[in-house]
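Participant: Got a predicted structure here, sequence first:
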Amino acid sequence: MREATNPAWVAKAEALKPQLLERRAEPRRLVEAVADETAFQGWRVVDCGSADGLSERVWAQGDSFALDFGEPQVGYVTMRIRNVDSNADAPLRLKLIFGEMPCEIGEDFASYEGWLSRSWLQEEIVTIDVLPGELRLPRRYTFRYLKVFVLSASIRYRIRFEELSCTSVSSADLAAVPPLPPQVPERLRQLDEIAVLTLRDCMQTVYEDGPKRDRRLWIGDLRLQALVSYVTVGGADLVKRCLYLFAGLQLDGGKVAASLYERPEPFADETELYDYALFFAAVLRDYYAATGDRETLTELWPVAFDQVRLALGRLDERDIVRDDETWYCFLDWHDELNKQAGAQAVLIYAMRQARELAVELGDTSALSELDEAIARTSAAALAYLWDEAAGLFVSGAGRQISWASQVWMVLAGVCDREQGAAILSRLRQTPDAIEMTTPYMVHHYIEALIGCGEREEALSAMLTYWGGMVDDGADRFWELYNPRDKRLSPYGSNLVNSYCHAWSCTPAYFIRTYYI
């Protein structure tokens, strides 16, 4: 475990740790997962009756049942179980499977072949020695559906669940969310509501990327969550906490880590992402714009500027980001995506964010350095990464054309608004371009459209993409959604996809910033 590079900043972050709010939920109905090729990922649930009478039903060894809590929960499950017919002459053993989506209670976990650890599968076997008794599971789960198997009891007794509930937790208070004006269309209200709930469920003692998996603070997710927080639940102190954690837990050489863990004590993961480190400047810029907190800006500005300087060290003799096996840049989940052009654009974008901070602080030395670097890297992008015949930016030795490269070049301001709009229009007519696969990347596409003055096209894209998710059964927005491949997973199995994910909550930001 890496020691803090600035313990005082970590201590400041820990002092900002929020108290979690609790709410209690009970199951609403009994259900069954049914294989259905027409349903999302091949599974749907069918109603098997109300859960109101659950406490009156009895279950014997070999029985199983599934419950629907009506909406997703992020919290701790309590069961109060009583033996009936006879005394419990043997321990009770239960198998519990928690699922965000029907596929998780429908598919056999034994068939899992993904490359992430199978410990992320929400499956537990618990043994209860004394009945009647109460069981409060110590692990936090994220689920809407709960499947219960009575693995072992004895032939002498059956069991009744006198209570089965979940205490859900979050640091977000939905009472603080400003209501939308009455003229907002119903579909936008629906997207806004799901987006806010997605944010709430990811807001714990840090902004988690996903409450089921990875339960970590990732700076790419933080940047988008913070934008939504400022226009909905508030949460500026939580953003500040996260900024100080990243600043106080830097990697060797001063680079900001891509992600952090909170427990057993805060520490940085060793993963380095070229684009994520640069986003520290963007998060700080957005935080200052939302709060005017000059003390934090002044204290953390050197960290933000250092990320730019470190990133500039990756430029080759042409002032283009070197593309080889020694680095990693995220941009989007796509095995074939070349990251060179996108990384160049993120560097320019982050330098423009940093430039605003340098102007605010009156740091003339940094301002001069940034202006020179922005001009140099922008000119290099046009000289070496622009394909005049295609009218699009290319990336890597194979001169790949992708959505990510175009979107980030437009966001970076390498071209003007009219040129940017033309590039994005041309991109939509280029079927061979490497596509987008995550709400994270689609967010940036919509942001680029809005920046080019294409608000109607941006609204259409949001309604099509996030609306498609809703039509496929989303009650929280997902980590990954490809309408053409609904079982797509970067992890080798959709069972470990996150179906409540931080970077997906931005419709609320767009709606409340641009469409009311």
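Facilitator: Yep, it's here. Numbers count the residues shown, from 1 in each chain.
Participant: Which parts of this structure are helices?
Facilitator: 7-15, 102-106, 186-202, 219-231, 236-248, 274-291, 294-312, 340-361, 364-384, 403-411, 417-428, 439-451, 455-471, 507-514 (DSSP state H).
Participant: for the longest one, the distance to its chain's centre please.
Facilitator: Pointing back at helix 340-361 there. 23 Å (C-alpha atoms, centre = their mean, to the nearest Å).
Participant: in it, what's buried?
Facilitator: For helix 340-361, a neighbour-count test (16 or more other C-beta atoms under 10 Å) marks 340-358, 361 as buried. For the C-beta atoms, the positions are set from N, CA and C on the backbone; glycine is no exception.
Participant: pLDDT below threshold where in the stretch 401-516 of the chain?
Facilitator: Scanning the stretch 401-516 of the chain for pLDDT under 70 picks out no residues.
Participant: Equivalent analysis for the chain, please.
Facilitator: In the chain (pLDDT under 70), no residue qualifies.
Participant: and the residue of it most remote from its centre, how far is that from Asp173?
Facilitator: Going by C-alpha atoms, centre = their mean, the residue of the chain most distant from its centre is Ser86, 48.6 Å out. As judged by C-beta to C-beta, to the nearest Å, Ser86 and Asp173 stand 48 Å apart.
Participant: tally of neighbours for the residue nearest to Gly254 when sequence neighbours are not counted?
Facilitator: In space, Gly254 comes closest to Asp306 once its chain neighbours are excluded; the distance is 5.1 Å by C-beta to C-beta, 6 or more residues apart in numbering. Burial measure for Asp306: 18 neighbouring residues, criterion other C-beta atoms under 10 Å.
Participant: these two touch, right, Asp306 and Ala247?
Facilitator: No: applying C-beta atoms under 8 Å as the test, Asp306 and Ala247 come out as separate, 10.0 Å apart.
Participant: Check the gap between the residue nearest to Gly254 and Arg318 for me.
Facilitator: 24 Å.
Participant: try Pro490
Facilitator: Counting by C-beta to C-beta - Pro490 and Arg318 are separated by 31 Å.
Participant: the more surrounded of those two?
Facilitator: Comparing Pro490 with Arg318 by neighbour count (other C-beta under 10 Å), the higher total belongs to Pro490, at 17 against 11.
Participant: And the residue lying closest to Leu315 once chain neighbours are set aside, how close does it get to Val31?
Facilitator: The shortest distance from Leu315 to any non-neighbouring residue, by C-beta to C-beta, 6+ apart, is to Val321 (6.3 Å). Distance, Val321 to Val31, by C-beta to C-beta: 50 Å.
Participant: again, but for Glu418
Facilitator: 53 Å.
Participant: more neighbours, the two?
Facilitator: The neighbour count for Glu418 versus Val31, taken as other C-beta under 10 Å, is higher for Val31 (24 against 10).
Participant: who touches the nearest residue to the residue farthest from the centre of the chain once chain neighbours are set aside in this structure?
Facilitator: Spatial nearest neighbour of Ser86, excluding adjacent residues (C-beta to C-beta, 6+ apart): Arg156 at 4.2 Å. Contact analysis of Arg156 by C-beta atoms under 8 Å, 6 or more residues apart in numbering lists 85-87, 89.
Participant: number of nearby residues for the residue nearest to Leu315?
Facilitator: Neighbours of Val321 using other C-beta under 10 Å come to 27.
Participant: before we move on, what about Ser395?
Facilitator: By other C-beta under 10 Å, 27 other residues sit near Ser395.
Participant: Any figure for the gap between it and Ile511?
Facilitator: 32 Å.
Participant: now do Glu193
Facilitator: Glu193 is 10 Å from Ile511, by C-beta to C-beta.
Participant: quick one, which of those two is more surrounded?
Facilitator: Ile511 (21 against 16).
Participant: so Trp59 makes contact with Tyr157?
Facilitator: No: judged on C-beta under 8 Å, Trp59 makes no contact with Tyr157 at a distance of 10.6 Å.
Participant: Tell me who's in contact with the nearest residue to Phe305 once chain neighbours are set aside.
Facilitator: Nearest non-adjacent residue to Phe305, counting by C-beta to C-beta, 6+ apart: Ala366, 5.6 Å away. Applying C-beta under 8 Å, 6+ apart to Ala366 gives the contacts 305, 354, 358.
Participant: Same question for Gly453.
Facilitator: Counted by C-beta under 8 Å, 6+ apart, Gly453 has contacts 417, 421.
Participant: list the contacts for Thr430?
Facilitator: 390, 392, 401.
Participant: err, Val233, not the other one
Facilitator: 172-174, 176-177, 196, 199-200, 203.
Participant: now it: how far from Ile81?
Facilitator: On the measure of C-beta to C-beta, Val233 and Ile81 end up 37 Å apart.
Participant: and what of Glu100?
Facilitator: Distance, Glu100 to Ile81, using C-beta to C-beta: 25 Å.
Participant: Have a look at those two and say which one is more surrounded.
Facilitator: Using other C-beta under 10 Å, the more surrounded residue of Glu100 and Ile81 is Glu100, with 28 against 20.
Participant: Determine the number of other residues adjacent to the residue nearest to the more buried one when sequence neighbours are not counted.
Facilitator: With sequence-adjacent residues excluded and distances taken as C-beta to C-beta, 6+ apart, Glu100 is closest to Tyr499, at 3.8 Å. Tyr499 has 29 neighbours, counted by other C-beta under 10 Å.
Participant: which residues sit in contact with Tyr499?
Facilitator: Contact analysis of Tyr499 by C-beta under 8 Å, 6+ apart lists 72, 100-101, 212, 474, 476, 478-479.
Participant: again, only this time at 6 Å
Facilitator: By C-beta atoms under 6 Å, 6 or more residues apart in numbering, the residues touching Tyr499 are 100-101, 478.
Participant: ditto for Phe109
Facilitator: 121, 123.
Participant: Tell me how far it lies from Leu224.
Facilitator: As judged by C-beta to C-beta, Phe109 and Leu224 stand 31 Å apart.
Participant: hang on, isn't Met469 packed against Glu479?
Facilitator: No: at 11.0 Å, Met469 and Glu479 do not qualify as touching, with contact defined as C-beta atoms under 6 Å.
Participant: Can you pick out the residue with more neighbours from these two?
Facilitator: Between Met469 and Glu479, Glu479 has the larger neighbour count (other C-beta under 10 Å), namely 26 against 22.
Participant: can you tell me how far the more buried one sits from Thr142?
Facilitator: 12 Å.
Participant: what's the answer for Arg136, then?
Facilitator: Taken as C-beta to C-beta, the span from Arg136 to Thr142 is 17 Å.
Participant: Specify which residue of the two has the higher count of neighbours.
Facilitator: Shown here are Arg136 and Thr142; by other C-beta under 10 Å, Thr142 has more neighbours (25 against 11).
Participant: Tell me how many other residues crowd the nearest residue to the more buried one once chain neighbours are set aside.
Facilitator: Of all residues beyond its chain neighbours, the one nearest Thr142 is Lys212 (3.8 Å), with distances taken as C-beta to C-beta, 6+ apart. Residues lying near Lys212 (other C-beta under 10 Å) number 27.
Participant: I'd assumed Phe143 was in contact with Lys212.
Facilitator: No: with contact defined as C-beta under 6 Å, Lys212 does not count as touching Phe143 (7.9 Å).
Participant: which one of the contacts of Thr430 is nearest Glu372?
Facilitator: Closest approach to Glu372 among the contacts of Thr430 (C-beta to C-beta): Leu392, at 27.3 Å.
Participant: What's opposite the closest one in the beta bridge?
Facilitator: Asp387 (DSSP bridges).
Participant: That one: neighbour count?
Facilitator: So Leu392, with other C-beta under 10 Å, has 21 neighbours.
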